[in-house]
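Student: predicted model and sequence follow; I will ask about them next.
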Amino acid sequence: MTPASPPARTGPSITAADAGAGTGAAIAVVLKGYPRLSETFIAQEILALERRGFDLRLISLRHPTDRKRHPVHEEIRAPVSYLPEYLYQEPRRVLRGWWRARRLPGYAAARRAFWRDLKRDLTPNRVRRFGQACVLAAELPADVARLYAHFLHTPASVARYTALMTGLPWSVSAHAKDIWTIPAWEKREKLAEAEWLVTCTRFGAEHLRGLAPDESRVRLLYHGLDLARFAPGARAESRRDGGDAEDPVRLLSVGRAVEKKGYDLLLRALAALPRELHWHLTHIGGGPLREALQKQARELGLEARIDWQGAQAQAEILRHYRGADLFVLASRIARDGDRDGLPNVLMEAQSQGLACLATEVAAIPELIDDGVSGVLVPPEDPQALTDALAALIADPRRRGDLGAAGQQRIRADFDMKGGIDLLAGLLRPQEGRQAAE
């Protein structure tokens with residue numbers, strides 16, 4: 001497979017010797033894309049598993065598009081391989097993979113599963129998944145003993161077809177969009193075949209247990225935070241109350257500019273704030289709607305009050321958490337059903353003692369106790385968001401109390417160590433059987 005650095009579109013297959021064969025217990029981690037700035041939670045999990053002694057092979061379905069990397073990516077030592085992102089880009093490799101895969105004992109079963117899926121979802125993406133699985137099955141190092149996919153949609157399909165071809169066990173970690181935007185039949189069949197599934201919210205776990213043949217296969221595993229990496233930074237007590245135009249209240253939001261993040265609603269809420277309140281918003285994140293949102297901000301007369309930072313590495317984001325007065329996220333359910341799970345950015349903000357204002361949607365109430373460790377408002381309600389913003393901008397003492405309570409909650413209940421303990425047990429076959437009982 002293609003070596004990770006520099007990421008190329010084509011390249012030689014990786015052999016078992018290249019990958020460090022001989023242990024007989026490596027795990028192939030199938031990822032949508034690697035590395036990705038928006039998936040810090042996956043990187044911190046990979047690094048934690050490496051530190052527990054797991055021998056990992058990272059298999060990415062897409063090449064990286066982010067220009068920056070988080071420090072955690074530099075610490076990961078697992079080799080990264082790239083499958084053909086689009087089958088037509090590497091036809092010889094795909095044909096060679098199919099020719100080898102068709103000789104595997106489980107190829108006929110994988111092909112039957114693929115045709116059943118394709119009849120119900122006649123899309124090029126479905127064909128690409130099977131082609132990528134053929135390549136992966138053909139090129140998989142001999143020491144790989146199991147497959148573990150992040151995301152229940154495309155990566156889990158590639159892992160599933162590969163597992164059928166090779167006879168290897170497979171499991172999956174489900175998150176947010178992947179749960180809510182694929183059909184129920186697909187979730188049921190994957191849950192029936194996967195050895196186990198972990199998911200990062202109680203909200204998602206309850207939904208998936210209702211589709212599983214045995215609900216014990218679905219385990220709740222909060223990602224949590226690496227509290228060493230998100231240690232509390234110096235935070236001066238803020239006395240900003242929106243009354244000084246020269247020193248406005250510093251609002252911060254971190255998230256991709258996509259529909260489910262509700263940034264159009266946030267802009268409308270900000271535009272409705274009383275003129276006598278002075279504030280400045282910093283937005284961090286890329287995304288396809290960024291230009292449209294900037295245009296909306298200009299039309300609302302907010303252009304001078306918003307700094308669009310684009311995607312940033314973790315050190316820069318931490319600096320903004322520590323310098324802001326209020327974090328705000330207006331999450332909603334998108335028209336295609338996509339929604340947040342439990343946004344890591346809320347946990348990160350709270351770890352720095354930053355007060356958070358968010359919407360009461362998906363699993364966010366599992367983290368924020370309204371009025372105690374943050375403030376929640378109904379989704380799709382710009383007026384409620386305006387009212388909450390106005391109250392918090394004008395009340396630095398309350399922001400301080402909420403920030404302190406949120407920080408305490410993170411340190412008490414969202415340390416990533418507990419989740420890694422559970423995952424490590426599941427990934428070690430003997431311990432995994434005991435953990436699932």
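Tutor: Happy to help now that I have it.

Student: just the strands in the stretch 201-350 of the chain please.
Tutor: When assigned using DSSP state E, counting those that start in this stretch, the strands of the stretch 201-350 of the chain occupy the ranges 218-220, 249-254, 279-284, 306-310, 326-329.

Student: which residues touch the third one?
Tutor: Looking back up the chat, that one is strand 279-284. 242, 248-255, 257, 263, 270, 273, 302, 305-312, 316-317, 320, 324, 328, 389, 393 (CB atoms under 8 Å, 6 or more residues apart in numbering). (Each C-beta comes from the backbone N, C-alpha and C, glycine too.)

Student: next, the angle from it to strand 306-310.
Tutor: Here strand 279-284 points in a direction 10 degrees away from that of strand 306-310 (axes from the mean of the first three to the mean of the last three CA atoms, to 10 degrees).

Student: give me the number of residues near Arg67?
Tutor: 10 (other CB atoms under 10 Å).

Student: neighbours of the nearest residue to it once chain neighbours are set aside, how many?
Tutor: Among residues not flanking Arg67 along the chain, Ala311 sits closest, at 7.6 Å (CB to CB, 6 or more residues apart in numbering). Residues near Ala311, counting by other CB under 10 Å, number 20.

Student: worst-scoring helix or strand of this protein, pLDDT-wise?
Tutor: helix 429-436 (a mean of 46; mean pLDDT, DSSP states H and E).

Student: please identify the most buried of the strands of the stretch 201-350 of the chain.
Tutor: Mean neighbour count, computed with mean count of other CB atoms under 10 Å, is highest for strand 326-329 among these, reaching a mean of 25.

Student: now that one, how far from the chain's geometric center?
Tutor: Relative to its chain's centre, strand 326-329 lies at 19 Å (CA atoms, centre = their mean, to the nearest Å).

Student: run through who's touching it.
Tutor: Under CB under 8 Å, 6+ apart, the answer for strand 326-329 is 249-255, 261-262, 266, 281, 321, 343, 345-346, 349, 354-359, 385, 389, 392-393, 399.

Student: CA atoms only for that strand - export them in CSV, please.
Tutor: This file holds the C-alpha atoms of strand 326-329, laid out as CSV (Å, rounded to 0.1, in the frame of the first residue of the first chain):
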residue,chain,number,x,y,z
LEU,A,326,-17.4,32.1,26.3
PHE,A,327,-17.6,29.1,24.0
VAL,A,328,-20.7,28.8,21.8
LEU,A,329,-21.9,25.9,19.6
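
Student: show me what that strand pairs with in its sheet, parallel or antiparallel.
Tutor: Strand 326-329 has the following sheet partners, assigned by DSSP bridges: strand 249-254 (parallel), strand 356-359 (parallel).

Student: figure out which of those is closest to Leu31.
Tutor: Smallest distance to Leu31 across the strands paired with strand 326-329 (CB to CB): 21.6 Å, for strand 249-254.

Student: show me what the helix or strand harbouring Ala156 is packed against.
Tutor: Using DSSP states H and E, the element containing Ala156 is helix 154-166. Helix 154-166 makes packing contacts with strand 26-31, helix 107-120, helix 124-139, strand 144-150, strand 170-174, helix 184-193 when contacts are defined by 3 or more CB pairs under 8 Å, 6 or more residues apart in numbering; DSSP states H and E.

Student: what sits against Arg217?
Tutor: Residues in contact with Arg217 (CB under 8 Å, 6+ apart) are 191, 194-197, 436.

Student: where's the longest helix seen in the chain relative to the chain centroid, distance-wise?
Tutor: Secondary structure of the chain per DSSP state H: the longest helix is helix 396-413. Distance of helix 396-413 from its chain centroid, counting by CA atoms, centre = their mean, is 24 Å.

Student: what helices and strands are in contact with it?
Tutor: Helix 396-413 packs on helix 344-351, strand 356-359, helix 382-393, going by 3+ CB pairs under 8 Å, 6+ apart.

Student: other residues contacting it?
Tutor: Contacts for helix 396-413 (CB under 8 Å, 6+ apart): 225, 227, 232, 235, 237-241, 325-326, 347, 349-356, 367-369, 372-375, 391-392.

Student: after that helix, next one along is what?
Tutor: Following helix 396-413 toward the C-terminus (DSSP H and E): helix 416-427.

Student: quick one: mean pLDDT over that next one.
Tutor: Here helix 416-427 scores 93 as its mean pLDDT.

Student: in it, what counts as buried?
Tutor: Buried residues in helix 416-427, defined by neighbour count with 16 or more other CB atoms under 10 Å: 416, 419-420, 422-424, 426-427.

Student: what do you get for stretch 83-101?
Tutor: Neighbour-count burial for stretch 83-101 [16+ other CB under 10 Å]: 83-85, 87, 90, 93-94, 96-98, 100-101.

Student: if we can go back for a sec, I'd like the strands of the stretch 201-350 of the chain laid out as JSON lines, including mean pLDDT and distance to Gln407.
Tutor: Output for those, formatted as JSON lines (pLDDT from 0 to 100; distance: least, CB to CB, whole Å):
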{"stretch": "strand 218-220", "mean pLDDT": "96", "distance to Gln407": "23"}
{"stretch": "strand 249-254", "mean pLDDT": "98", "distance to Gln407": "16"}
{"stretch": "strand 279-284", "mean pLDDT": "98", "distance to Gln407": "20"}
{"stretch": "strand 306-310", "mean pLDDT": "96", "distance to Gln407": "24"}
{"stretch": "strand 326-329", "mean pLDDT": "98", "distance to Gln407": "12"}
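
Student: contacting residues around Glu259?
Tutor: 289, 332, 334-335, 338.

Student: buried only: go through those residues for me.
Tutor: Using 16+ other CB under 10 Å, the buried members of the contacts of Glu259 are 289, 332, 334, 338.

Student: what residue ranges in the protein score low on pLDDT?
Tutor: Applying pLDDT under 70 to the chain flags the ranges 1-24, 429-437.

Student: can you do 80?
Tutor: 1-24, 233-237, 429-437 (pLDDT under 80).

Student: enumerate the positions of the longest helix of the chain that are buried.
Tutor: For helix 396-413, by 16+ other CB under 10 Å, it's 396, 399-400, 402-403, 405-407, 409-410.

Student: and the helices and strands packed on helix 396-413, which is most packed in?
Tutor: Most buried among these, counting by mean count of other CB under 10 Å: strand 356-359, with a mean of 27.

Student: following that strand, which helix or strand comes up?
Tutor: strand 375-377.
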